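J.: Everything below, folded, please.
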Amino acid sequence: MNRATLRFIRPLAAALLLAPSFAFAATYYVAPNGSDTAGNGSSSAPWATIGHGVSRLRSGDTLIVRAGTYYGVENFINTRRSPIASGSPGAYTTIRAEQPYSVRIRNSGGLGYWDGMIQLGSQDSYIHIDGFIFDMRDTSYPEYIANIDGNWNKITRSIFRRTGNVNEYGGWVSVIGDFNLLEDCAGVGAARYGFITGGPDATSSNNIFRRCVGRIDYSNSGQPKATFAVYGNNSGHNVRQHLFQNCIAIDGRRGPSSPEDTYGGFYFPKNAAEVTIQGSIVLNNEAGHAGYFVKELQGRNIRVEHSIAWDIWGRSGVAGIRANGAGSGYLVFDHLTIGRSASPSMTGYYNQDSAPIRELTNSLFVNNTSLRSGSSYGWTTQTHNAFQPASQAEGANRITTNIDLKYLVRAEPGSALVGAATDGGDIGATILYRYGAPGTHWGQPGFDQLTTERLWPWPYEAQIKAVFAEPHNPPSGNVPSTNNTTRGFASTAPDPWGQPMTLTRYIWQYLGNRIPDSIYGTGRALPAPQGVQATVLH
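T.: Model (predicted):
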């Protein structure tokens, strides 16, 4: 072999040694008719259980699970039972249903504390789980269906359903690690907290919940309860920089009010810091305190923008949005729509927060029993808000006439709300487009930006409705004691115009007006967003 040939071979061999593992990534299969002993994981000879399959993945490999129902702990995606090889930034280790929502992982009966249907440890990173229905029944433990303790993981297009007896701390998804993403997910059934990040001793940061829908049906917990939560660290601002984009708490029911109540659709207890809510909705939720309870104790730097709280009910004085506590930084409420359709009573806001920057701008308050509840610290900036009735108006540059609200998610052309905001947009929430570039983690291009991709019809709404409508009754001792799973958007009855009820129709038609033809049809597209900027403040 001559020297020229050697000069070529040596660099090539070195390059092959250094080549990233994804160059050799493999794809394997699991199917209900497969075999863990006779199969080899190929498409023609799949394995039988998900646990067996994930334990044989190398970094960057993919496991495809074919349609069906898979029972028991041997089918959990749980690294304590079946270790999963972490992926890399360019090649996630992926476990996915062959078709979204075509695979149900089900368990009935008692489980151990660490038996999460998804259990990713602190060492697990760059793992992508996609397309499953996780169905946990009649077990006090684990506390959550899914526990994500690692970093840079993705859970997408999945539904979490929990029914029957649950530990008083039990819920759906807990995210303890950093830079994780939940996108196009939903949760239903029994819970203390549905979707939560952080904890009293946690240092969780930079997690995103994007397009997640939650409906709490009942609870036995005397602890504080909420559909979405950021639990701040007890001793400092170590739980920080979290983002909720186009998240919906809908048709939820209030659990036990004593010793602790249902705090709201969103609740940020303790010292949560640098949390932003964009384009989200709390609708027809029963609560003891508020639709959004976003600041407590020493929490700081909270921003809620282009979001809706409507028909929040449960007790006298419940508010659309609430903040209280001492702390530095800012509290910003911008482009909100807060109101009610009729009784029971609801107040617009509750503000006992002493942050040096407190802003209420470009927001719409409609038909609230009163604008404020409790003593108020007031606002350092309060301007360009609209009020109906006019007797509740306060602040500078207020609007009290020609307020025509036909749909919750946008201002009506020709009303005084259009183009009247400080940024040139419309007063109130405008929720027509998706926030966050698809699949992006915190810090990646477009992760906190309003996109040009239409939000409506809501993605995978038929699959979400089907799971939410499945019947299940509260065990003894739960509140409420009955559960109509086909209430609200999950109704089996047609809408007033004879069309099947969907999540999209339910929200758009909530004020009694028929949804525009362009949403489901091929008619006029939604107008491009104008005058709207969404940037998370670090």
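
J.: make it CA atoms for all contacts and neighbour counts henceforth
T.: Noted.

J.: strands paired with the helix or strand that residue 274 is a member of, and their directions?
T.: Using DSSP states H and E, residue 274 maps to strand 273-278. If you go by DSSP bridges, strand 273-278 pairs up with strand 240-245 (parallel), strand 300-313 (parallel).

J.: which residues touch stretch 265-273?
T.: 225-241, 249, 252, 282, 285, 287, 290-302 (C-alpha atoms under 8 Å, 6 or more residues apart in numbering).

J.: So which of those belong to strands?
T.: Those of the contacts of stretch 265-273 mapping onto strands are 225-231, 240-241, 249, 282, 285, 290-295, 300-302, per DSSP state E.

J.: Just the buried ones out of those residues, please.
T.: The neighbour count (16 or more other C-alpha atoms under 10 Å) marks 225-231, 240-241, 249, 282, 285, 290-295, 300-302 as buried among the ones in strands among the contacts of stretch 265-273.

J.: what about residue 433, distance to residue 333?
T.: Residue 433 sits 20 Å away from residue 333, taking C-alpha to C-alpha, to the nearest Å as the criterion.

J.: and the strand holding residue 274 with strand 225-231, angle?
T.: 130 degrees (axes from the mean of the first three to the mean of the last three C-alpha atoms, to 10 degrees).

J.: where's strand 273-278 relative to the chain centroid, distance-wise?
T.: 13 Å (C-alpha atoms, centre = their mean, to the nearest Å).

J.: cool, stretch 444-463 as well?
T.: 13 Å.

J.: any idea of the mean pLDDT in that stretch?
T.: For stretch 444-463, mean pLDDT rounds to 98.

J.: got the buried residues for it?
T.: In stretch 444-463, counting by 16+ other C-alpha under 10 Å, buried: 446-451, 454-456, 458-459, 461, 463.

J.: between those, which is nearest residue 146?
T.: Nearest to residue 146, judged by C-alpha to C-alpha, of those is residue 463 at 19.7 Å.

J.: which residues touch the closest one?
T.: Counted by C-alpha under 8 Å, 6+ apart, residue 463 has contacts residue 101.

J.: A helix includes it, no?
T.: Yes. The assignment for residue 463 is a helix, going by DSSP: H, G, I helix; E, B strand; the rest coil.

J.: Counting neighbours, what do you get for residue 516?
T.: Per other C-alpha atoms under 10 Å, the neighbour tally for residue 516 reads 15.

J.: same deal with the one 5 residues further on?
T.: Per other C-alpha under 10 Å, the neighbour tally for residue 521 reads 9.

J.: per-residue pLDDT, it?
T.: pLDDT at residue 521 comes out at 85.

J.: Distance-wise, check it relative to residue 256.
T.: The gap separating residue 521 from residue 256 is 43 Å, by C-alpha to C-alpha.

J.: Please apply the same query to residue 114.
T.: Distance from residue 114 to residue 256, by C-alpha to C-alpha: 26 Å.

J.: Give me the more crowded residue out of those two.
T.: residue 256 (22 against 19).

J.: In this structure, what helix or strand scores lowest on average pLDDT?
T.: Lowest by mean pLDDT, DSSP states H and E among the helices and strands of the chain is helix 3-18, with a mean of 39.

J.: Any buried residues in the helix or strand following it, and which?
T.: Following helix 3-18 in sequence order, the next helix or strand is strand 27-30 (DSSP H and E). Neighbour-count burial for strand 27-30 flags 28, 29, 30 (criterion: 16+ other C-alpha under 10 Å).
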